[in-house]
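Student: Could you look at this predicted model? Sequence included:
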Amino acid sequence: MTFGRGKVVLHNIGRLNFVECDFSQSQKLGKVLICQSWQLNYSMVIKLKGERMLEEPIAREAIKMNGIKVALVGIGNVASAFVQGLEYYKNVKSNSEELVGLGYADFAGFHVNDIKVVAAFDVVDSKVGLDLADAIFASPNNVMRFAEVPKTGVKVQKGELHDGVDDMLMSLVTISTKPEVDVVKALKEAGTEIVVNLLPGSAENASQFYAQAALDAGCAFINGTPIPIASDIEWSKKFEEKKIPLVGDDIQDQLGSTVLHRNILQLLVARGVRVDKSYQLDVGGGAESLDSHYRGRMRKRGVKSSAISQDLPYDAPLVAGSSDYVNFMDNSRDSYFYILGRQFGGAPIKIDIRMEVTDGPNAAPILFDAVRGTKLAIRRGVGGALESLSAYGFKMPPAPTTMYRAERWVEEFLLGKRQS
């Protein structure tokens, strides 16, 4: 790779690593490039030989940071996978073999290891009062155990119940009798920067309570539920007025049924196939599947159907959502896809697919990116709903778009070319 004079942009240092560089002259090193990346958690000093760049940086200047201080609301299977992932990937390097299952070791200027959980809230007796390292494996959590998490020093505190647990979930849990804490005070005392809402998908009042608590405590809010927060104009205005970032709604899995369905539809459209009708049905175990089926079924179906429709440039019958809860499936989920369409000459094409995934870990990689991208917005002083991050990682964003366009938006956001 050769360079001319002035500023250059390197597009191929890692994935999504758009790096702005300036030429400089060093007495010790000679001609060098001083590079700063929004994705990588360091600046790079790259030595040049003639006008060619040596393959590896020969010096790295760490950016001083205090980490990203996060509070988790709802210590279920997704929270368990999130906390385990922090331990599992804490030393992983970009482009290494250990990166399996994680899109980006570095994102928005932060490594996974920069994320620190400083507060946790739940209402279930088996979790409240425990160290977070123990609570993530407490019943009814049944996500796979892939990391040994050391004691965190963070005790799970009892938040306010509201509508967080209904009669069906009561068959799995017992509500703690410990007193509720002042959530706003607890967030402030912990120095929380970002609140991540992982409550059951139908907990509308509880989700709104924690959104307001985050706002009152001066914290950014990431809404992993399908309750309209980031996609609600009034909520977005509240966060924008205080210059606090807001991201959501309804976390999209790394490779879940919605992501796969959307990509298949995009491929068919790109290849000229006319999609006439399609459905996607999910069957799973675990507390979230129980809630989705019995209480939040129609809400989730509406969100998923709307998400996949974003990738068709025309109207067609599309149905997507949870169809049943099966207790013995634990934290696994089976998804069934049916697509009927017409290709060249009107010839029929039918696609019938079954996919099986482990549910909890599926959302964690996207949450890692959302947290790190939100921290970048905090550093930039950006408030209100973040359209790029929301479209990139959530099913019900404030500005729906195709998956491909959402990825471009994120690239522009990381480079500072897009405000939100």
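Tutor: Arrived safely. Quick caveat: nothing in here was measured; it's all calculated off a predicted structure. Residues are numbered from 1 along each chain as shown.
Student: When you work out contacts or count neighbours from here on, use the C-alpha atoms and nothing else.
Tutor: Fine.
Student: Just the local confidence number for residue 10, please.
Tutor: Note for residue 10: predicted pLDDT of 42.
Student: what about the helix or strand containing residue 157, average pLDDT?
Tutor: Residue 157 belongs to strand 156-158 when assigned by DSSP states H and E. Mean pLDDT, strand 156-158: 98.
Student: got a list of contacts for that strand?
Tutor: With CA atoms under 8 Å, 6 or more residues apart in numbering as the test, strand 156-158 has contacts from 119-124, 127-132, 135, 176, 178-181.
Student: ok, now with 10 Å
Tutor: Around strand 156-158, the neighbours that count as contacts under CA atoms under 10 Å, 6 or more residues apart in numbering are 72-75, 119-125, 127-136, 175-183, 186.
Student: Please list only the buried members of those residues.
Tutor: Buried by 16 or more other CA atoms under 10 Å: 72-75, 119-125, 127-136, 175-176, 183, 186, out of the contacts of strand 156-158.
Student: Among those residues, which ones are in strands?
Tutor: Among those, the residues falling in strands (DSSP state E) are 72, 73, 119, 120, 121, 122.
Student: Quick one: residues contacting the fourth one.
Tutor: Think residue 120. Going by CA under 10 Å, 6+ apart, the list of residues near residue 120 reads 70-75, 79, 128, 131-132, 135, 154-159, 183, 186-187, 195-196.
Student: The third one now?
Tutor: With contacts taken as CA under 10 Å, 6+ apart, residue 119 has the following neighbours: 69-73, 132, 153-157, 183, 186-192, 195.
Student: give me the beta-bridge partners of it?
Tutor: In this entry, residue 119 is beta-bridged to residue 71, by DSSP bridges.
Student: Residue numbering should commence at 2 henceforth.
Tutor: Renumbered: residue one is now 2, and that last one reads residue 120.
Student: Tell me if I'm right that residue 286 and residue 328 touch.
Tutor: Yes: using CA atoms under 10 Å, residue 286 is in contact with residue 328, at 4.9 Å.
Student: Give me the more crowded residue out of the two.
Tutor: Set side by side, residue 286 and residue 328 show more neighbours around residue 286, with 21 against 13, by other CA atoms under 10 Å.
Student: hang on, the earlier thing: show me just the buried residues among the contacts of residue 120.
Tutor: For these, buried by 16+ other CA under 10 Å: 70-74, 133, 155-158, 184, 187-189, 192-193, 196.
Student: follow-up on the earlier one: determine which two of the ones in strands among the buried ones among the contacts of strand 157-159 are furthest apart.
Tutor: Maximum pairwise distance among these (CA to CA): 10.6 Å, between 120 and 123.
Student: if I look at the two, which residues touch both of them?
Tutor: Counting by CA under 10 Å, 6+ apart, the shared contacts of residue 120 and residue 123 are 73, 74, 157, 158.
Student: My guess is the second one contacts residue 200. True?
Tutor: Yes: using CA under 10 Å, residue 74 and residue 200 qualify as a contacting pair, with a distance of 6.4 Å.
Student: shared neighbours of the two, anything?
Tutor: Counting by CA under 10 Å, 6+ apart, the residues touching both residue 74 and residue 200 are 80, 122, 123, 207, 208, 211, 224, 225.
Student: residues in contact with residue 253?
Tutor: Residue 253 touches 225-226, 259-260, 305, 308, 363-368, 391-397, counting by CA under 10 Å, 6+ apart.
Student: gap between the lengthiest helix in the chain and the chain center?
Tutor: The helix that spans the most residues within the chain, counting by DSSP state H, is helix 365-381. With CA atoms, centre = their mean, to the nearest Å as the basis, helix 365-381 stands 8 Å off its chain's centre.
Student: quick revisit: pipe the ones in strands among the buried ones among the contacts of strand 157-159 into TSV and attach distance to residue 383 per row.
Tutor: Shown next, in TSV, are these (distance: CA to CA, whole Å):
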residue	distance to residue 383
73	22
74	23
120	24
121	25
122	27
123	29
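Student: I'd like to know which of the residues you listed is nearest to residue 279.
Tutor: Nearest to residue 279, judged by CA to CA, of those is residue 74 at 34.7 Å.
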